[in-house]
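**Student:** Sequence first, predicted model second:
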Amino acid sequence: MANIKSAKKRIKVIAKRTAINKRRKSIIKTAIRRFEEALAAGDLALATERFRYAQKKINQVAAKNTIHKNKAARKISRLAKKLNELQKAAQ
C-alpha cells in the first residue's frame with residue numbers, strides 16, 4: 001500500500017478511470033453483439049440501424065482514448081464488411 005499522499009490519490013484516480021473504461025468497453029461490446037444478432041437473424045433494416053449505433057459508440061470510445069483509433073477503425077471496417085455481405089445476400 002502506498003504511504004505518500006499523492007500515490008494514494010493516484011490509486012483512487014486509477015480505480016475510477018478503470019471503472020469508466022470498463023463501462024465504455026462494455027457498451028461497445030454490447031452494441032457489437034446486438035448488431036451480430038441482427039445479422040444472424042437476417043434482418044437488414046435492424047442490422048443497418050444497429051451498425052450505425054455501434055459505429056457511433058466505437059468512435060466515441062476511441063475519441064476518449066479508451067481504445068486506440070486504429071483499433072476502432074478496424075472494428076468498424078469488419079462490421080461494415082459483414083453488413084455488406086448481408087446486403088449482397090439479400091439482393
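**Tutor:** It's in. Numbers count the residues shown, from 1 in each chain.

**Student:** ok, now which ones touch the spatially most central residue of the chain?
**Tutor:** Centroid-nearest residue in the chain, with Cα atoms, centre = their mean: Ile28, separated by 2.6 Å. The contact partners of Ile28, by Cβ atoms under 8 Å, 6 or more residues apart in numbering, come to 54, 57-58, 61, 67, 75. For glycine as for every other residue, the C-beta is placed from the backbone atoms N, C-alpha and C.

**Student:** What residues sit buried inside the lengthiest helix in the chain?
**Tutor:** Taking DSSP state H as the criterion, the chain has its longest helix at helix 5-41. For helix 5-41, the neighbour count (16 or more other Cβ atoms under 10 Å) marks 24, 27-28, 31-32, 34-35, 38-39 as buried.

**Student:** swap in stretch 44-64?
**Tutor:** 47, 50-51, 54-55, 57-59, 61-62.

**Student:** Out of those residues, which comes closest to Thr18?
**Tutor:** Nearest to Thr18 among those: Val61, at 14.5 Å, using Cβ to Cβ.

**Student:** so the closest one sits right up against Lys25, yeah?
**Tutor:** Yes - between Val61 and Lys25 there is a contact under Cβ atoms under 8 Å: 7.2 Å.
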